[in-house]
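> next one to model:
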Amino acid sequence: MKTIHLDVTIRFTEKMVSDEDLQEIVNNVLDALVRQTNEVGLVPDGSDASTKSITVDERYSTATAKHIFITEKNDE
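As a prediction, this is how the structure comes out:
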């Protein structure tokens, strides 16, 4: 199994600092990644690989979200 870590920067027109705001943003980013995975996929075209899980963390708070995909083989 291969794990990759990506740094993503998102800029907003207004300041977002409350824990509730940060958690909602984390959830929205995770939802977008899950939707892309379910509809098109994240792996390159023609790959036999599949996405096992996605975790989104906000670096400066406790905001976090995780989605584990159900696959036929669950080898760690």
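
> pretty sure A32 is in a strand, no?
No - per DSSP: H, G, I helix; E, B strand; the rest coil, A32 lies outside any strand segment and is helix.

> what about it, distance to G41?
Distance of A32 to G41, computed by Cβ to Cβ, to the nearest Å: 14 Å. Backbone N, C-alpha and C define where each C-beta goes, glycine included.

> please apply the same query to I10.
From I10 to G41 the distance is 22 Å (Cβ to Cβ).

> these two: who's more crowded?
A direct count of neighbours by other Cβ atoms under 10 Å for I10 and G41 places G41 higher, at 13 against 8.

> contacting residues for that one?
Applying Cβ atoms under 8 Å, 6 or more residues apart in numbering to G41 gives the contacts S50, T51.

> where does this protein dip in pLDDT?
Along the chain, segments meeting pLDDT under 70 span 71-76.

> can you give me the helices for it?
Using DSSP state H, the helices of the chain run over 19-39.

> show me where it has strands.
Taking DSSP state E as the test, the strands found in the chain are 53-57, 64-68.

> which one, of those, ends up nearest to E24?
strand 64-68 (10.0 Å; Cβ to Cβ).

> just checking, what packs against that closest one?
Where contact means 3 or more Cβ pairs under 8 Å, 6 or more residues apart in numbering; DSSP states H and E, strand 64-68 is packed against helix 19-39, strand 53-57.

> returning to what we had before: would you turn the strands of the chain into CSV with distance to K2 and mean neighbour count?
CSV is the format used below for the strands of the chain (distance: least, Cβ to Cβ, whole Å; neighbours: other Cβ atoms under 10 Å):
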stretch, distance to K2, mean neighbour count
strand 53-57, 12, 15
strand 64-68, 16, 14
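
> can I get these in CSV with distance to E14?
Output for those, formatted as CSV (distance: least, Cβ to Cβ, whole Å):
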stretch, distance to E14
strand 53-57, 21
strand 64-68, 22
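
> out of those strands, the one nearest M16 is which?
Per Cβ to Cβ, nearest to M16 of the strands of the chain: strand 53-57, 14.9 Å.

> what sits up against the closest one?
Contacts for strand 53-57 (Cβ under 8 Å, 6+ apart): 26, 29-30, 33-34, 37, 63-69.
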